[in-house]
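> Return atomic coordinates for the entry below.
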Amino acid sequence: MTTSPNFSISRYAPERSAWRKLTARDSIVRRLDWLMLLAALALSALSTLLVYSATRGRTELNHGDPYYFLLRNVLNIGIGIALAVGTVWLGHRTLRGAVPILYGVSVLLTAAVLTPLGATINGARSWIQLPAGFSIQPSEFIKITITLGMAMLLAAKVDAGDRPYPDHRTVLQALGLAALPILIILLMPDLGSVMVLVVIVLAALLASGASNRWIAGLIGAGIAGCVLIWQLGVLDEYQINRFAAFANPALDPAGVGYNTNQAR
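Below you'll find the predicted structure:
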């Protein structure tokens with residue numbers, strides 16, 4: 001029994017069409033940064049093995065279940081992969097349109113930490129407890145939405161062809177967008193997250209091509225602020241101890257210097 005040519009072509013045409021879409025120059029598969037993706041997956045797999053190795057025998061931490069932290073880590077990685085796939089599927093244009101909503105939600109979540117919904121962990125009231133033993137730190141979402149929001153504002157006039165770099169008014173708008181959540185996080189207080197956010201703001205301004213006067217001014221203001229805070233003695237004891245442990249991890253290796261010592 002023979003098969004007609006037309007039948008053969010119609011049978012394999014959908015498969016060829018799908019393959020061409022995947023390998024097209026503008027396809028998602030071609031535009032992905034595969035090196036970064038594989039590196040992230042490798043780090044995630046390695047971290048899972050290390051978490052299991054470090055906690056399987058710690059009954060005082062894992063509640064008698066050697067797989068307790070392993071399963072939590074795998075679940076978190078799964079959530080991260082799902083969010084990454086969703087972001088790629090939405091595309092940058094859709095994501096750009098959703099930035100104001102994402103920013104507003106993240107700011108509200110951050111502000112909610114200062115209400116009875118917030119929980120204090122390691123001296124900072126920066127967490128929201130969830131069922132099943134999970135918790136979220138809204139300041140982590142702020143890091144993402146500030147990055148997206150500042151990028152959108154700083155690139156608006158450049159993308160429109162009005163200017164080769166953002167003007168002073170645009171820079172002020174971007175700084176205002178970042179200032180609100182940073183002030184909320186300062187009230188927690190979560191000094192570590194604030195320091196990360198300041199670096200994000202400076203990096204966004206540098207990448208946008210903003211005037212160097214803004215960069216120099218912000219760095220100068222930051223140094224002056226750090227000196228003033230130190231002189232006024234407004235830092236809590238645990239924050240001072242963290243700086244001391246960073247400089248000398250052997251100072252308290254079983255306490256405040258544990259993370260720094262283990263990382264080194």
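> In this structure, spot the strand with the most residues.
Counting by DSSP state E, the longest strand found in the chain is strand 124-129.
> Report the next helix or strand after it in sequence order.
Per DSSP states H and E, the first helix or strand lying C-terminal to strand 124-129 is strand 135-136.
> who touches that following strand?
109, 119, 121, 127-130 (CB atoms under 8 Å, 6 or more residues apart in numbering). No exception for glycine: its C-beta is placed from N, CA and C like everyone else's.
> please redo it, this time with the cut-off set to 10 Å
For strand 135-136, the external contacting residues (CB atoms under 10 Å, 6 or more residues apart in numbering) are 109, 113, 119, 121, 126-130.
> Paired strands for it, with orientation please.
strand 124-129 (antiparallel) (DSSP bridges).
> CA atoms only for the longest strand of the chain, dumped as CSV, please.
Below are the C-alpha coordinates for strand 124-129, written out as CSV (Å, rounded to 0.1, in the frame of the first residue of the first chain):
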residue,chain,number,x,y,z
ALA,A,124,13.9,43.6,61.3
ARG,A,125,10.1,43.8,60.9
SER,A,126,10.3,43.0,57.2
TRP,A,127,8.4,39.8,56.7
ILE,A,128,4.8,38.6,56.3
GLN,A,129,4.0,35.1,57.6
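> Now do that strand: distance to the chain's middle.
Taking CA atoms, centre = their mean, to the nearest Å, one finds strand 124-129 lying 17 Å from the centre of the chain it belongs to.
> try stretch 85-105
14 Å.
> May I have that stretch exported as PDB, CA atoms only?
Extracted C-alpha coordinates of stretch 85-105, given in PDB (Å, rounded to 0.1, in the frame of the first residue of the first chain):
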ATOM      1  CA  VAL A  85       8.400  31.100  32.100                       C
ATOM      2  CA  GLY A  86       5.300  33.400  32.700                       C
ATOM      3  CA  THR A  87       7.500  36.500  32.200                       C
ATOM      4  CA  VAL A  88       9.000  35.300  29.000                       C
ATOM      5  CA  TRP A  89       5.500  34.200  27.700                       C
ATOM      6  CA  LEU A  90       4.000  37.600  28.500                       C
ATOM      7  CA  GLY A  91       6.800  39.400  26.600                       C
ATOM      8  CA  HIS A  92       8.500  42.700  27.500                       C
ATOM      9  CA  ARG A  93       5.700  44.900  26.000                       C
ATOM     10  CA  THR A  94       3.000  43.300  28.200                       C
ATOM     11  CA  LEU A  95       5.300  43.400  31.100                       C
ATOM     12  CA  ARG A  96       6.000  47.100  30.600                       C
ATOM     13  CA  GLY A  97       2.300  47.800  30.600                       C
ATOM     14  CA  ALA A  98       1.900  45.900  33.900                       C
ATOM     15  CA  VAL A  99       4.700  47.800  35.700                       C
ATOM     16  CA  PRO A 100       2.500  50.400  37.400                       C
ATOM     17  CA  ILE A 101       0.300  47.700  38.800                       C
ATOM     18  CA  LEU A 102       3.200  45.600  39.900                       C
ATOM     19  CA  TYR A 103       4.800  48.600  41.500                       C
ATOM     20  CA  GLY A 104       1.600  49.600  43.400                       C
ATOM     21  CA  VAL A 105       1.100  46.000  44.700                       C
END
